[in-house]
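Trainee: Using only what follows, build the 3D model:
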Amino acid sequence: MFAIVNIAGQQFRVIKDQELFVHRLEGKVGDNVEFSEVLMSSNNNNVAISGSMKVKAEILDHLKGDKVIIFKKKRRKGYQKMNGHRQYLTKIKINDIA
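Mentor: Numbering: from 1, shown residues only. Next comes the predicted model:
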């Protein structure tokens, strides 16, 4: 059984006991969170499109992602600009799709 759920503005295909990284969520490590915006679910090729389902997850960790380097340059102008960014992430584990 899997479900497509909207988490922090992004859509994820989730199954039970799956661990995934999402944008930073409110809450502490060990807290349980519930996502009610389920777009689609499937159980043995029976596809259901309804919003009555809920996905329950547990927050495992708060961390930062890999560094992304942004480098801008204009040829023959002497212009170079280097910048970097690390996204704040939350690691969650899907406990139940109900």
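Trainee: Please compute how far stretch 81-98 lies from its chain's middle.
Mentor: 6 Å (C-alpha atoms, centre = their mean, to the nearest Å).
Trainee: In three-state terms, label the residue of the chain positioned farthest from its centre for me.
Mentor: Ranked by distance from the centre of the chain (C-alpha atoms, centre = their mean), the top residue is residue 76, with 41.4 Å. Three-state assignment for residue 76 (DSSP: H, G, I helix; E, B strand; the rest coil): coil.
Trainee: Remind me what the helix or strand of the chain with the lowest mean pLDDT packs against, helices and strands.
Mentor: Least confident helix or strand of the chain, by mean pLDDT, DSSP states H and E, is strand 46-48 with a mean of 87. On a contact count with 3 or more C-beta pairs under 8 Å, 6 or more residues apart in numbering; DSSP states H and E, strand 46-48 meets strand 38-43. Every C-beta, even on glycine, is put in place using the N, C-alpha and C of the backbone.
Trainee: Excluding residues flanking it in the chain, which one is nearest residue 33?
Mentor: residue 57 (5.3 Å; C-beta to C-beta, 6 or more residues apart in numbering).
Trainee: Run through who's touching the least confident helix or strand of the chain.
Mentor: Contacts of strand 46-48 with the rest of the structure, by C-beta atoms under 8 Å, 6 or more residues apart in numbering, involve 40, 41, 42.
Trainee: Pretty sure the last one sits against residue 15.
Mentor: No - here residue 42 does not reach residue 15: they are 10.0 Å apart, not a contact under C-beta atoms under 8 Å.
Trainee: Just want to know which of the two has more residues nearby.
Mentor: Counted by other C-beta atoms under 10 Å, residue 42 and residue 15 do not tie: residue 42 has more neighbours, with 13 against 10.
Trainee: dump the residue contacts of that one.
Mentor: Counting by C-beta under 8 Å, 6+ apart, residue 42 touches 1, 2, 3, 48.
Trainee: Before I go, just wanted to say thanks for your time.
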